[in-house]
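Participant: generate coordinates for the sequence data below:
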Amino acid sequence: MAESAAQKKALSEAKRAQADYKRNVAAAREARRKSFERAQKAGASLREIGRSVDLHPTRVREILRGE
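Facilitator: Model (predicted):
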């Protein structure tokens, strides 16, 4: 079935929104990892970082490793 002009425009906007979302998620993950690194360098333990952000220390370690 052929797409109408309105449908093509809506699909294009949806594709752009999805790309923006992926880009923002990646930037947020990197910002979180860097903030955990700064906390660790300031002397906070994985347990302390995890407690402050409501994550298990194992997950904090994974985030620091980029996993």
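Participant: let me know the secondary structure of residue 14.
Facilitator: Under the three-state scheme (DSSP: H, G, I helix; E, B strand; the rest coil), residue 14 adopts helix.
Participant: show me the contacts for it.
Facilitator: Neighbour list for residue 14: empty [criterion: CB atoms under 8 Å, 6 or more residues apart in numbering]. Yep, even glycine has a C-beta here, placed from its N, CA and C like the rest.
Participant: that one and residue 63, how far apart?
Facilitator: Residue 14 is 30 Å from residue 63, where distance means CB to CB, to the nearest Å.
Participant: repeat that for residue 33.
Facilitator: Counting by CB to CB, the gap from residue 33 to residue 63 is 6 Å.
Participant: neighbour-wise, which of those two wins?
Facilitator: It is residue 63, of residue 33 and residue 63, that has more neighbours when counted by other CB atoms under 10 Å, with 20 against 15.
Participant: how close does that one get to residue 39?
Facilitator: In terms of CB to CB, residue 63 sits 11 Å off from residue 39.
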